[in-house]
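A.B. asks: Give the three-dimensional model of this entry:
(chains A and B)
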Amino acid sequence: DVKVTQSSRYLVKRTGEKVFLECVQDMDHENMFWYRQDPGLGLRLIYFSYDVKMKEKGDIPEGYSVSREKKERFSLILESASTNQTSMYLCASSRDTGYEQYFGPGTRLTVT
Amino acid sequence: GEDVEQSLFLSVREGDSSVINCTYTDSSSTYLYWYKQEPGAGLQLLTYIFSNMDMKQDQRLTVLLNKKDKHLSLRIADTQTGDSAIYFCAETGDSNYQLIWGAGTKLIIKP
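C.D. replies: This is a model prediction of the structure:
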């Protein structure tokens, strides 16, 4: 079974803090993704990575950065958290282009 | 641009069939997916269909694809309380990496 894990299920941070969200997959997948999920908006892609050290901006990259130093790990960084970044963050991985994505359980981030 | 549309809510009685609909714009999609998200959890793949198929059945689930109308549906027979979830439709689109996602349909089961 593919397993995608995320470092925290719930996180509360203050405005202006630097926030790290970590994601690890154990199936040697090439592609990894970070989404945010907000009610009524579905999933919006923040960044994705198709190889180690390679990344591409998604639909809403502003205010976020990512890091992929190892194939199994993909980190999402909020350089200076703001209240409008309060959301559910979902990490996913996929074997190859166009294949199904496997999701982690999500991190619910609250920025106060 | 590419777009996938779903209604936000569907309410059905326990034991009835649920039909969740999705329309998409990109006719070059190779795969179309249905994902399920239970409360407080991540998304899990429920089923998928290749674009050259019209129908796929898997136990209580039936997926119908109308390529001409760019319409995808998920039918859940004998809907149970455990089927309460948000159901997302997604397509591969013309991107090599991304899936194009619908906003999700929340399925509400009435006793």
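A.B. asks: in chain B, which helix or strand is least confident?
C.D. replies: One helix or strand of chain B scores below all others by mean pLDDT, DSSP states H and E: strand B:100-101, with a mean of 88.
A.B. asks: Whether that one contacts chain A - can you check?
C.D. replies: Yes - judged by C-beta under 8 Å from any C-beta of the partner chain, strand B:100-101 comes into contact with chain A at B:W101. C-beta coordinates here come from the backbone N, C-alpha and C atoms, glycine included.
A.B. asks: same question, stretch B:66-79
C.D. replies: No - for stretch B:66-79, no contact with chain A is found by C-beta under 8 Å from any C-beta; the gap never falls below 15.1 Å.
A.B. asks: and that stretch, which residues are buried?
C.D. replies: By 16 or more other C-beta atoms under 10 Å in any protein chain shown, the buried positions in stretch B:66-79 come out as B:K70, B:L72, B:S73, B:L74, B:R75, B:I76, B:T79.
A.B. asks: So which of those sit within strands?
C.D. replies: B:L72, B:S73, B:L74, B:R75, B:I76 (DSSP state E).
A.B. asks: Residues of chain A that sit close to chain B?
C.D. replies: So far as C-beta under 8 Å from any C-beta goes, chain A lies against chain B at A:4, A:31, A:40-43, A:45, A:48, A:50, A:56, A:58, A:90, A:92, A:97-106.
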